[in-house]
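Engineer: have a look; sequence and predicted model below, questions after that.
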Amino acid sequence: MLPALFLSVRVPTLLARWWRTLACEKTNSRLPGTECLSIIIFRLDAMGDVVMTTPLFREIKRAFPQSRLTVVVQPEYRPLLITSSHVDETLTTPALKAGFLARRVKNLLAALLLYARSLRRRRFDIAISPRWDTDEHLATLLCLLTNATCRVGYTEKASATKQQLNRGFDAAFNLCLPAGPARHEVIRNLVMVEALGGTVHDSRLEVRLTGRDREFAFRLLASFPPSTRLIALGIGAACPGRRWPLERYAECINRLGQQFLLQPVIVCSSGEEQDAQRLATLLFCPPLILAGKALRQVCAVLERCDLFLGNDSGPAHLAAAMDCKTIVISRHPRNGDPINANSPLRFGPYCRSARVLQPATGLDACRDGCRVAGPHCITTVPVEEVVIAAQAMLGGGKSTHIKAVIVSEDFSRSRRTPITEVLARYQGAVPGMRWSNSS
């Protein structure tokens, strides 16, 4: 990974930093005020990361109600944002079909094309990269290329890997936030609001559905009696090591089917449909299979489900956004590193009713976290534990209690405070934070 990221991410980003210093840094010496801001956020990583950033979009607009907010995501995740009342514009990187190019080369070319086609002639007051961990998706590069007065991001010292692969990236940001303590990624994202002088009022995830989305779910599920418990199964994951064996999902559902009137709903990508069909042959009743369906249609179905049971993957975060009761089976051991990329402390489902079931300890040499590519530590999570957790959630029925989640961090300021004043207060006042007018 080191040579690939060095050539495709680090070198272009450092060149962009050099270009900005020589060519145009002097034109951006004046900080914006708080009225009519033009803000752009780069969220180019996975679906779960996009979903966990939806509270940031809402709270940015609450803090700066007259601002215009542009969000840049991968093309496949655009449907999650185009219905949002908080995002004024959603941009995506162009899809390149040149099969002879390596994936990271195509990512770099796509980022440069996005800049040339959509950003080069535009002015932004604030550019934000919310990613706390290693930047593998060129968000820092785009923050530099974007003609923004203030650029906000997390320090390269956030993790050992980031310090190695993103060395020199701190200079890209005018407002460089310290790593802070171990915490959920939703909270890390919201720290950006408070660093800019806003106040966070609500940290709930948010994906807006349309009437057509809900009509799809209604028609799909209309044949099942109201007493049927709908259980969504998220059997896939980008990393094979995050996948609980299909046979165990089958055993779990078959045991629950002896106690409840159940209907399984398998949620997966089109590339995972073969696994879904294999699981279907092991279940006590034919499941509904949603393979490669439109994301908001999947959300509409999850909104009507009694429980989501699945791996640590994007569908689990969609379920959390729909406030569906959620059980995630994680590969990360309970005594593992809390800032590991698989840590539930960072990436667990963020909703009112959620459980994460983990191995008690790592197998073999997996002390800080599971290091094996295929299913390894996750296989020690027993079916019995999953069944008991599911019984407890299904036995409680639909949740009606509304829990308000309020975030309060060290960066809290009145949302009326001008950015210039906030930055001046931070200079030298917060250990690890660096502010510079011209880096």
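Structural biologist: Okay, I see it. Not measured: the values here are computed from a predicted model.
Engineer: okay, strands next: where are they in the protein?
Structural biologist: Ranges of strands within the chain are 38-42, 68-73, 89-92, 123-129, 147-154, 175-177, 229-234, 262-268, 288-291, 307-311, 326-329, 354-357, 434-435, based on DSSP state E.
Engineer: a markdown table for these, including mean neighbour count and mean pLDDT?
Structural biologist: Every residue, glycine included, has its C-beta placed from N, CA and C. Formatted as a markdown table, the strands of the chain follow (neighbours: other Cβ atoms under 10 Å; pLDDT from 0 to 100):
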| stretch | mean neighbour count | mean pLDDT |
| --- | --- | --- |
| strand 38-42 | 24 | 97 |
| strand 68-73 | 22 | 98 |
| strand 89-92 | 16 | 98 |
| strand 123-129 | 24 | 96 |
| strand 147-154 | 23 | 93 |
| strand 175-177 | 22 | 96 |
| strand 229-234 | 25 | 98 |
| strand 262-268 | 24 | 97 |
| strand 288-291 | 18 | 97 |
| strand 307-311 | 27 | 98 |
| strand 326-329 | 26 | 98 |
| strand 354-357 | 19 | 97 |
| strand 434-435 | 18 | 40 |
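Engineer: in CSV, list the ones you listed along with distance to Cys252.
Structural biologist: Formatted as CSV, these follow (distance: least, Cβ to Cβ, whole Å):
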stretch, distance to Cys252
strand 38-42, 38
strand 68-73, 34
strand 89-92, 37
strand 123-129, 39
strand 147-154, 38
strand 175-177, 41
strand 229-234, 9
strand 262-268, 10
strand 288-291, 17
strand 307-311, 7
strand 326-329, 10
strand 354-357, 11
strand 434-435, 49
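Engineer: closest one to Leu81 among those?
Structural biologist: Evaluated over those, closeness to Leu81 peaks at strand 89-92, with 4.7 Å, by Cβ to Cβ.
Engineer: quick one: Cys143 and Pro130 touch, right?
Structural biologist: No: contact criterion Cβ atoms under 8 Å: Cys143 and Pro130 do not qualify, at 10.8 Å.
Engineer: anything in contact with each of the two?
Structural biologist: Each of Gly153 lies in contact with both Cys143 and Pro130 under the rule Cβ atoms under 8 Å, 6 or more residues apart in numbering.
Engineer: more crowded one of those two?
Structural biologist: Set side by side, Cys143 and Pro130 show more neighbours around Cys143, with 28 against 23, by other Cβ atoms under 10 Å.
Engineer: in the stretch 101-250 of the chain, which ranges drop under the pLDDT threshold?
Structural biologist: Along the stretch 101-250 of the chain, the model assigns pLDDT under 70 to no residue.
Engineer: try 90 this time
Structural biologist: Applying pLDDT under 90 to the stretch 101-250 of the chain picks out residues 101-104, 147.
Engineer: hmm, back to that, of the strands of the chain, which is nearest Leu109?
Structural biologist: strand 89-92 (14.3 Å).
Engineer: who touches the closest one?
Structural biologist: Around strand 89-92, the neighbours that count as contacts under Cβ under 8 Å, 6+ apart are 68-75, 78, 81-82, 114, 118-119.
Engineer: can we see that at 10 Å?
Structural biologist: When contacts are defined by Cβ atoms under 10 Å, 6 or more residues apart in numbering, strand 89-92 is touched by residues 40, 42, 44, 68-84, 110, 114, 117-119.
Engineer: contacting residues around the residue nearest the centre of the chain?
Structural biologist: Centroid-nearest residue in the chain: Asp49, 1.1 Å away (criterion: Cα atoms, centre = their mean). Neighbour list for Asp49: 43, 73-74, 77, 130-131, 133, 137, 185, 189, 314, 317, 347 [criterion: Cβ under 10 Å, 6+ apart].
Engineer: can you tell me how far the residue lying closest to Cys351 once chain neighbours are set aside is from Gly348?
Structural biologist: Nearest residue to Cys351, sequence neighbours excluded (Cβ to Cβ, 6 or more residues apart in numbering): Ala320, at 3.9 Å. When Cβ to Cβ, to the nearest Å is the yardstick, Ala320 and Gly348 sit 9 Å from each other.
Engineer: more neighbours: these two, which one.
Structural biologist: Taking neighbours as other Cβ under 10 Å, Ala320 and Gly348 compare with Ala320 leading, 28 against 23.
Engineer: distance between the ends of stretch 48-62?
Structural biologist: 23 Å (Cα to Cα, to the nearest Å).
Engineer: what's the answer for stretch 128-144, then?
Structural biologist: Start and end residues of stretch 128-144 are separated by 10 Å (Cα to Cα).
Engineer: buried residues of stretch 292-302, list them for me.
Structural biologist: Applying a neighbour-count criterion of 16 or more other Cβ atoms under 10 Å, the buried positions in stretch 292-302 are 293, 295-302.
Engineer: per-residue pLDDT of Thr21, please?
Structural biologist: pLDDT recorded at Thr21 is 80.
Engineer: any figure for the gap between it and Met47?
Structural biologist: Where Met47 is concerned, Thr21 sits at a distance of 35 Å (Cβ to Cβ).
Engineer: more crowded one of the two?
Structural biologist: Neighbour totals were compared for Thr21 and Met47, and Met47 leads with 19 against 14 (other Cβ under 10 Å).
Engineer: residues touching the nearest residue to Gln277 once chain neighbours are set aside, list them.
Structural biologist: Leaving aside its chain neighbours, Gln277 sits nearest to Ile289 (7.2 Å; criterion: Cβ to Cβ, 6+ apart). Listed by Cβ under 10 Å, 6+ apart, the contact set of Ile289 reads 233, 264-268, 272-273, 276-277, 279-280.
Engineer: make a markdown table out of these and add distance to Ala222.
Structural biologist: Below are the contacts of Ile289 laid out as a markdown table (distance: Cβ to Cβ, whole Å):
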| residue | distance to Ala222 |
| --- | --- |
| Leu233 | 21 |
| Pro264 | 17 |
| Val265 | 14 |
| Ile266 | 19 |
| Val267 | 19 |
| Cys268 | 22 |
| Glu272 | 26 |
| Glu273 | 23 |
| Ala276 | 22 |
| Gln277 | 24 |
| Leu279 | 24 |
| Ala280 | 21 |
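Engineer: wait, which of these is closest to Arg10?
Structural biologist: Minimum distance to Arg10 across the contacts of Ile289 is 32.6 Å, recorded for Glu272 (Cβ to Cβ).
Engineer: over to the closest residue to that closest one other than its chain neighbours: give its phi and psi.
Structural biologist: Nearest non-adjacent residue to Glu272, counting by Cβ to Cβ, 6+ apart: Gly236, 4.1 Å away. As for Gly236, its main-chain torsions (degrees, to the nearest 10) stand at phi -100, psi 170.
Engineer: can you tell me which residues contact Gly236?
Structural biologist: Residues in contact with Gly236, defined by Cβ under 10 Å, 6+ apart, are 242-243, 266-269, 271-273, 275-276, 291, 310-311, 313-315.
Engineer: no more questions from me, cheers.
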